[in-house]
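Student: Any chance you can model this:
(chains A and B)
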Amino acid sequence: MSRKPYLREVPKFRWFFRHPRYLRYMAREVTCIFIGAYTVLVLVGIMRVAEGPAAYAAFLQALQTPASIAFHVLVLGFSAYHSITWFNLTPRALPIQIGERFVPDGVIAGAHYAAWLVLTLAVLILAGAF
Amino acid sequence: MSERQVELEVLRYNPETDSEPRFQRYSVSCREEWVVLDALNHVKETVDPTLSYRWSCHMAVCGSCGMMINGEPKLACKSFLRDHPGVIRVEPLAHFPIERDLVTVIDDFMAKLARVKPYLIPKQAKSVEEGEYLQTPAELKRYKQYTLCINCMLCYAACPEYGLIPKFIGPAAISMAHRYNQDSRDGGRAARQEEIAAGEGVWDCSFTGACSEVCPEHVDPASALQQVKIKSTVDWYKEHLMPWLKK
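Tutor: So this is what the prediction gives:
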């Protein structure tokens, strides 16, 4: 009896439509593009600061355009989704065992949310928002 | 006990006569409390004795009857007909070559499992006279969930990375390596790291998490892989930034 195994090829691009879990995964991964884009924007801002007050004022002016505000809202949404999905996964990557028990997932994820809140407040205070 | 006419659409492949797999429809009378495996056995006994598939225990312990049921990797012995109204499409586990009908070629997984040395490598070998390797309940708890793996390979069928990058060692084998690395009696971590801390090891994993969602034993292989990533990263920093720690 001869063997002739048959391998079914995995489609390179359509596989994530097979199940909602793969689409959720892709959604999480896609958020990094928006975070990357915002990082570029911040770098441009730093370059404008280096170029002098006039260049920085023009940069700030550009930030107030409707297109820029729409971009910021979009990036805020995607970065919140990015952070929330990753923070919710942290208990599985960083389990803490005390004696015979594991620290509850909510405590580990909660600690990340708390650190996020504290750092956000610190940035806002440094930026003079209050 | 109520009976129902069940329509099964089974992927058939005969390597001796077929150039590619094809679906075959079977209509059989089944009891409502049956599982898909019962329906397949019924087909084999009463309609088509040529239908090939693996099974053994019928109680979700042996891990033999993994197959795609309506596109989802499942154990046929744990998939109740009552949960699948309409036509039930049964295919061999995704990402594995098909040997015949629902039987897949599992050599790749077996070779990978062997590579990660899934057995206890004692820190210090003891003779039988010296007694057992003792362990506290807390030390057992550290790795216990990963011991529940039954090597059914559903996680490989769910893992998109394994489908796209067949060299990836994959969820079950790396979880098994992690299970022994976490064992207080074990001293084989360095040998296992050679395999699992490499590109084909954990770094091919992008934490889709599908492996953990489909695991019939509720093991969380994705968690094992992320923990290995963190520990391997710590290893790298220790080696490159704090070389004096190395003895």
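
Student: Next one, pLDDT for the most centrally placed residue in chain B please.
Tutor: Geometric centre of chain B, nearest residue: residue B:153, 2.4 Å, by C-alpha atoms, centre = their mean. Looking at residue B:153, its pLDDT is 98.

Student: What are the boundaries of the strands in the chain?
Tutor: You didn't say which chain, so I picked chain A. A:97-98, A:101-102 (DSSP state E).

Student: not quite, I wanted chain B
Tutor: Going by DSSP E, chain B shows strands at B:3-12, B:22-31, B:66-69, B:72-75, B:88-91, B:98-100, B:103-104.

Student: would a markdown table of those with mean pLDDT and mean neighbour count be doable?
Tutor: Where C-beta positions appear, they are placed from N, C-alpha and C, glycine not excepted. Formatted as a markdown table, those follow (pLDDT from 0 to 100; neighbours: other C-beta atoms under 10 Å in any protein chain shown):
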| stretch | mean pLDDT | mean neighbour count |
| --- | --- | --- |
| strand B:3-12 | 96 | 17 |
| strand B:22-31 | 97 | 14 |
| strand B:66-69 | 98 | 24 |
| strand B:72-75 | 98 | 24 |
| strand B:88-91 | 98 | 22 |
| strand B:98-100 | 98 | 23 |
| strand B:103-104 | 98 | 22 |
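
Student: For chain A, find the nearest of those strands.
Tutor: Closest to chain A of the strands of chain B, according to C-beta to the nearest C-beta: strand B:98-100, at 4.5 Å.

Student: what's in contact with that closest one?
Tutor: Here strand B:98-100 makes contact (C-beta atoms under 8 Å, 6 or more residues apart in numbering or on different chains) with A:3, A:5-8, B:11, B:13-15, B:21, B:52, B:92, B:104-105.

Student: Alongside chain A, which residues does chain B contribute?
Tutor: B:13, B:15-16, B:18, B:20-21, B:71-72, B:94-95, B:97-99, B:105, B:137-138, B:141-142, B:160, B:163-164, B:206-210, B:212-213, B:220, B:222-223, B:226-227, B:229-230 (C-beta under 8 Å from any C-beta of the partner chain).

Student: make it 7 Å
Tutor: B:13, B:15-16, B:20-21, B:71, B:95, B:97-99, B:105, B:137-138, B:141-142, B:160, B:163-164, B:207-208, B:210, B:213, B:220, B:222-223, B:226-227, B:230 (C-beta under 7 Å from any C-beta of the partner chain).

Student: re the thing from before, most tightly surrounded among the strands of chain A?
Tutor: Burial of these is given as mean neighbour count (mean count of other C-beta atoms under 10 Å in any protein chain shown); strand A:101-102 ranks first at a mean of 13.

Student: Give me the contact list for that one.
Tutor: A:95-96 (C-beta atoms under 7 Å, 6 or more residues apart in numbering or on different chains).

Student: what do you get for stretch A:123-130?
Tutor: Contacts of stretch A:123-130 (C-beta under 7 Å, 6+ apart): none.

Student: With just CA atoms, put the longest helix along chain B into CSV.
Tutor: In chain B, assigned by DSSP state H, the helix with the most residues is helix B:221-241. Taking Å, rounded to 0.1, in the frame of the first residue of the first chain, the C-alpha atoms of helix B:221-241 are listed here in CSV:
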residue,chain,number,x,y,z
PRO,B,221,-0.9,26.8,26.0
ALA,B,222,-0.8,30.5,25.0
SER,B,223,0.0,31.4,28.6
ALA,B,224,2.9,28.9,28.6
LEU,B,225,4.3,30.4,25.4
GLN,B,226,4.1,34.0,26.7
GLN,B,227,5.8,33.0,29.9
VAL,B,228,8.6,31.3,28.0
LYS,B,229,9.0,34.5,25.9
ILE,B,230,9.4,36.6,29.1
LYS,B,231,11.8,34.1,30.7
SER,B,232,13.9,33.9,27.5
THR,B,233,14.1,37.7,27.3
VAL,B,234,15.3,37.9,30.9
ASP,B,235,17.9,35.2,30.0
TRP,B,236,19.1,37.4,27.1
TYR,B,237,19.4,40.5,29.2
LYS,B,238,21.3,38.6,31.9
GLU,B,239,23.7,37.1,29.4
HIS,B,240,24.4,40.4,27.5
LEU,B,241,24.1,43.1,30.1
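
Student: buried residues in it?
Tutor: For helix B:221-241, the neighbour count (16 or more other C-beta atoms under 10 Å in any protein chain shown) marks B:221-229, B:231-232 as buried.

Student: Who are the packing partners of it?
Tutor: helix A:66-93, helix B:171-181, helix B:210-214 (3 or more C-beta pairs under 7 Å, 6 or more residues apart in numbering or on different chains; DSSP states H and E).

Student: Quick check: which of these has the most neighbours on average?
Tutor: Of the helices and strands packed on helix B:221-241, helix B:171-181 is the most buried (mean count of other C-beta under 10 Å), at a mean of 27.

Student: May I see the buried residues of the longest helix belonging to chain A?
Tutor: What stands out as the longest helix in chain A, according to DSSP H, is helix A:20-51. Within helix A:20-51, the residues that count as buried by 16+ other C-beta under 10 Å are A:21-22, A:25, A:28, A:31, A:34, A:38, A:48.

Student: Return the closest of those residues with respect to chain B.
Tutor: For those, the nearest to chain B is residue A:25 (4.5 Å; C-beta to the nearest C-beta).

Student: Distance to residue B:25 added to the helices and strands packed on helix B:221-241, as JSON lines?
Tutor: JSON lines is the format used below for the helices and strands packed on helix B:221-241 (distance: least, C-beta to C-beta, whole Å):
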{"stretch": "helix A:66-93", "distance to residue B:25": "41"}
{"stretch": "helix B:171-181", "distance to residue B:25": "33"}
{"stretch": "helix B:210-214", "distance to residue B:25": "26"}
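
Student: Which pLDDT value goes with the residue most central in space within chain A?
Tutor: In chain A, the centroid-proximal residue (C-alpha atoms, centre = their mean) is residue A:82; its distance is 3.3 Å. Turning to residue A:82, the model gives it a pLDDT of 95.
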